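A.B. asks: got a sequence here, can you build the structure:
(chains A and B)
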Amino acid sequence: MASFILFFKKSPAFVIAVVFIILVEIVLRLIPNLEYLETGGSFFTYYKRAIAEDKNQNYNILLYGDSRSLSLKGFSKAKKDLSVYNFSLPAAGPRYVEFFLKKYIQNHKEKPKAVVWAIDMEQFQIAKNQRFDANKEIWQTYKHRLLNLFSYEESFEQYSGFELLFITKEYIPNLFYTFKFRIGIREFLNGLKLETITKKESFHITQNNMIVKLTSQNNGQINLGDFFLADEKQRKEGYKGLFEALDKEENPFTFSPLEKFVSYAHSEKIPVIILVLPKADKLYSTKTLSKIYSELKKEFSDKKNIYYLEFPEVSYPVNLFGEGIHYTTEGSEKLNSEYENILLPKIFEYASRGYEN
Amino acid sequence: MVFNSLEFLLFFPLIYLVYLKLNQKKQNVFLLISSYFFYGYWDYRFLSLLFVSTIVDYFAAIQIENSENEKTKKYFLYLSLFSNLSILGFFKYFNFFIESATNVLTSFGVQANPYTLKIILPLGISFYTFQTLSYTVDVYRKDLKAERDFLDFALFVTFFPQLVAGPIERATSLIPQIKSERKVTLQGIEEGGLLILIGLFKKVYIADNLAMIVDPIFSSKMEGWNLLREGSFANFHSLTSAECLVGMSAFILQIYGDFAGYSDIARGLSKFMGFELIRNFKHPFFAESMNDFWRRWHISFMNWLRDYVLKVIGKKTDPEPKQHLNNIFVFTLSGLWHGANWTFVVWGFYCGVVTSFFKLYEKAFPKPENYSPILVRRIINSILTFITIIISASLFRSPNIEFAMKYFYSLFTNLGGIEKNELTNFLRLSFILFLVEFHQFKHNSEYSFFQFKTIPRSLIYILLFYLIIIFGNCNNGFIYFVF
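C.D. replies: Here you go, the predicted model:
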């Protein structure tokens, strides 16, 4: 201790620098809505998290999915008999869903009447369900969601062993707000001009305000394909690449994330509806997906408190997808028309039945 | 683990806290274990190579010292050379030699099926093999007594701050420090801290941001042209001359930021523990001639080549042409050391030729005694030296010779500009690096920031810190790890 004090006396410049850095950290923690500085993807996660944690926002049906099911509209009670919120998140994998549902339930007195699992079947592949310490590649894709969606304390429930150690290590930099929000801060500082220094605007802030506006229009929905303007060539190449990857061989899969999701929902007396969304052209007949598709139907149909739903056509033409994955504006319109007119009444019916003991 | 990673940020403070509590002997054992852990964290399988190098050279040196017979001494020296160079040769150059031999045979019309292996290049192999080689040679030359304490010697081989990318330490410098009580002083901590801060600034802010300019330029497809097929340079345009020029300049600054940054951090960490490592870079961009440049760039490696290759193949009394040939040979070898690719060999050869040319020029136009050039002259000399160096940068960075040729062709024929953002970023990064380097150069000290008063000094610390954290690119490894 004496040595430290001596060091600080000898190096006051260092002390001043450290004090300044600590002050900046404190100030950053006091600034409200700092997440608006973040890139769109990270911000979107914060936004959905805030909705899930908001005791004042109650919904009858919660829909969980990924970037494709994000195209499905949510509904307020004013528009439909039951309110629906789309909690889908892009690029987050399937393992987090159970805990995201838990986050909602822990923050709300009133439980939802039903929950919908609309995660893409591709997410059942083993490669997408590996431990993050073993597959750092998928972690690189998912980390910006998962680190922002859950607190460190919540990680103890989700991970164990080496994976928990790995996640702990990944959380540590985020304790330091200057590092956590560095991309947003950088962009904000880069965009600063002398004459507009009092304006608290930056590209990210503008973009994120737009995300809030779009997402709140239809209870959590954004059609990502509206922003991917792929041309014909890119569309075909995207589809072809996807088809080849899924048809190369029958990739091993696991329903473990869905089983755990169902198990948790049932422990809370909430029925689960599995919703299978249409994919481009012949993707469901690839070696990987055809197997998953048939097994999913077999395993989860005709089970108590689990309902299996498909769209009238599980295959849409390729031109309704931006790059073979996400629905174009046209594709989203067809999707939502069928969803609203055909699937939603069934979802409401199942939700109204309640949990059967 | 790399210095700019979270793992290392967790590793070093823990190591350091324990280190401070131990006595000298226990510190050495602890550092040895930590160094093996540090290296094994990358790939535990290659710990065996480190161990083999250590064991062979430990025993070889002792046998060299114990033997009275010159033949026996030479035998153990060759054993050490063979052991280290064969490890290096296999892991680094096996596929290169096989493929090159195949190409030569094919050009003579002989069909040959190349048998290449999927070989992982062990981290830092070029550094630690050279370091241990220098030890056995020094013992043979009687510059140094053989180290009898195996653990101390093992620490000399594996000391983690400099294990994977140098500086290449001499046993005469590092072993005495290992064997003696080390003082951790406040001054050492302060200097070490500044070195680490500047090192991270060079690496994370300068080098990794320059990489975003350099990588796209050197990844250009350069399609539509094949020298071997078309046999001419006609109708080829890919990169513009401005892009080529910025690419070359940015790359040389990038590699400086990367490598000098690593060396600074290594020295800073060592200072925290009471060790002094050799300074590896001394403001090379202020060099006023090629010879001056090589006295400032990768100093530990250039000294190694001088003492263990040049002095072996030649003497100062050799005729001048032989001296120049030896010089070119050593530089060509230095190119090969950098990588298993003909671009490195040609790069080395170019550096050797240019250095010899500069020596001839200086001899032909000798400077008068007490020559003191005016500032303008010195600036011109530095710029000319820099231009000479950046020409070599394109060879060093190109993936193959054909790409390098296309690059030079574009540089001189495809007149055109560069995207404004790229140019602005390059100029900004260069300017900020220049400011730091110039201040240190002007005061002839890497601790020149200590001359500032308290408030300006703290502002510099704060600025460097935020340049690293906010504007730095934290995702890249160190370039020199692949050597």
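A.B. asks: burial measure for residue 33, as a count.
C.D. replies: Picking chain A for this. When neighbours are defined as other Cβ atoms under 10 Å in any protein chain shown, A:N33 has 11 of them. All C-beta spots, glycine's among them, are computed from the backbone N, C-alpha and C.
A.B. asks: oops, chain B please
C.D. replies: Neighbours around B:I33, by other Cβ under 10 Å: 14.
A.B. asks: secondary structure element holding it?
C.D. replies: Assigned by DSSP states H and E, B:I33 belongs to helix B:24-42.
A.B. asks: okay, buried residues for the following helix or strand past that helix please.
C.D. replies: Per DSSP H and E, the first helix or strand lying C-terminal to helix B:24-42 is helix B:47-66. Across helix B:47-66, burial judged by 16 or more other Cβ atoms under 10 Å in any protein chain shown covers B:47, B:49-50, B:53-54, B:56-58, B:60-65.
A.B. asks: now pLDDT too, for those, in a markdown table please.
C.D. replies: Shown next, in a markdown table, are the buried residues of helix B:47-66 (pLDDT from 0 to 100):
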| residue | pLDDT |
| --- | --- |
| B:L47 | 91 |
| B:L49 | 89 |
| B:L50 | 91 |
| B:S53 | 91 |
| B:T54 | 94 |
| B:V56 | 95 |
| B:D57 | 95 |
| B:Y58 | 96 |
| B:A60 | 96 |
| B:A61 | 96 |
| B:I62 | 96 |
| B:Q63 | 96 |
| B:I64 | 95 |
| B:E65 | 95 |
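A.B. asks: return the residues of chain A in contact with chain B.
C.D. replies: A:3, A:6-7, A:10-14, A:16-17, A:20-21, A:169-170, A:172-173, A:178-179, A:182, A:185-186, A:189 (Cβ under 8 Å from any Cβ of the partner chain).
A.B. asks: next step: those residues restricted to helices.
C.D. replies: Mapping the residues of chain A next to chain B onto helices (DSSP state H) picks out A:3, A:6-7, A:10, A:12-14, A:16-17, A:20-21, A:169-170, A:178-179, A:182, A:185-186, A:189.
A.B. asks: any of these buried? List them.
C.D. replies: The buried subset of these - by 16+ other Cβ under 10 Å - is A:13-14, A:16-17, A:20-21, A:170, A:178-179, A:182, A:185-186.
A.B. asks: farthest-apart pair in those residues, please.
C.D. replies: Across these, no pair lies farther apart than A:A13 and A:E170, at 32.7 Å, counting by Cβ to Cβ.
A.B. asks: and the residue most central in space within chain A, which of the three is it?
C.D. replies: The residue lying closest to the centre of chain A (Cα atoms, centre = their mean) is A:L89, at 1.8 Å. Put simply, A:L89 is coil when judged by DSSP: H, G, I helix; E, B strand; the rest coil.
A.B. asks: what helix or strand is the residue lying closest to it once chain neighbours are set aside on?
C.D. replies: The shortest distance from A:L89 to any non-neighbouring residue, by Cβ to Cβ, 6 or more residues apart in numbering or on different chains, is to A:R145 (5.6 Å). When elements are assigned from DSSP H and E, A:R145 belongs to helix A:136-149.
A.B. asks: quick check: next helix or strand after that helix?
C.D. replies: helix A:152-158.
A.B. asks: what pLDDT does residue 302 get?
C.D. replies: Defaulting to chain A. pLDDT for A:D302: 84.
A.B. asks: right idea, wrong chain: chain B
C.D. replies: At B:M302, pLDDT is 95.
A.B. asks: what's near enough to touch the spatially closest residue to it that is not a sequence neighbour?
C.D. replies: Nearest residue to B:M302, sequence neighbours excluded (Cβ to Cβ, 6+ apart): B:W294, at 5.4 Å. Neighbour list for B:W294: B:302, B:351, B:355 [criterion: Cβ atoms under 8 Å, 6 or more residues apart in numbering or on different chains].
A.B. asks: from B:V353, how far out is B:W294?
C.D. replies: Per Cβ to Cβ, to the nearest Å, B:W294 is found 13 Å from B:V353.
A.B. asks: one step back: which strands or helices does the helix holding A:R145 pack on?
C.D. replies: helix A:40-53, helix A:161-171 (3 or more Cβ pairs under 8 Å, 6 or more residues apart in numbering or on different chains; DSSP states H and E).
A.B. asks: mean pLDDT per helix and strand in chain B: which one sits at the bottom?
C.D. replies: Using mean pLDDT, DSSP states H and E, helix B:227-230 stands out as the lowest-scoring helix or strand of chain B, at a mean of 48.
A.B. asks: who in chain B is up against chain A?
C.D. replies: Counting by Cβ under 8 Å from any Cβ, the residues of chain B near chain A are B:6-7, B:10, B:186, B:189-190, B:193, B:452, B:454-455, B:457-458, B:461-462, B:465-466, B:469-471.
A.B. asks: can you get me a residue count around residue 8?
C.D. replies: Defaulting to chain A. 13.
A.B. asks: look at chain B instead
C.D. replies: If we define neighbours as other Cβ under 10 Å, then B:F8 has 18 of them.
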